[in-house]
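*Asks:* Would you be able to build a 3D model of this:
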Amino acid sequence: QVRLVESGGGLVQAGDSLRLSCAAPGRTSGRYFIGWFRQAPGKEREFVAAITFSSSSAVYADSVKGRFTISRDNEKKTVYLQMNSLKPEDDTAVYFCAAGQRYRWADAMLSSTYDDWGQGTQVTVSS
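*Replies:* From the prediction side, this is the model:
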């Protein structure tokens, strides 16, 4: 297994923007895709967005469509999650990135699809 590393979390105000980064060594070829999940206290871990490296196909949770953008930089072996118009109750959580194998892309919204995870980065949105 490979440990992914998230960064970029922090404390922001409602309406602000934040960009998270996910370093994914050995998981940035066309054989993989990267997903972002988040987990708030007392809640289940939920899917946020995912992107493939082979075609840059992306998928988003309905709750973040139009506000969040996932992207990748193959040279830097990094995936980004640009988060705009942040909301306190909806977006405050620990954010995790994870790597899954390309042939399982159809199940990208399921956490069980992913083999490698990061330790998470806290995002807190104040009102």
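*Asks:* Check the gap between the residue nearest to residue 74 when sequence neighbours are not counted and residue 124 for me.
*Replies:* Leaving aside its sequence neighbours, residue 74 sits nearest to residue 28 (C-beta to C-beta, 6 or more residues apart in numbering; 6.1 Å). C-beta: built from backbone N, CA, C; applies to glycine. Here the criterion is C-beta to C-beta, to the nearest Å. By it, residue 28 lies 29 Å from residue 124.
*Asks:* Same question for residue 47.
*Replies:* As judged by C-beta to C-beta, residue 47 and residue 124 stand 20 Å apart.
*Asks:* for residue 4, same thing?
*Replies:* Going from residue 4 to residue 124 by C-beta to C-beta gives 21 Å.
*Asks:* Pick out whichever of these two has more residues nearby.
*Replies:* Comparing residue 4 with residue 124 by other C-beta atoms under 10 Å, the one with more neighbours is residue 4, at 23 against 16.
*Asks:* Could you count how many residues lie near the closest residue in space to that one that isn't next to it in sequence?
*Replies:* Excluding its sequence neighbours, the residue lying closest to residue 4 (C-beta to C-beta, 6+ apart) is residue 118, at 3.8 Å. Residues contacting residue 118 under the criterion other C-beta under 10 Å number 22.
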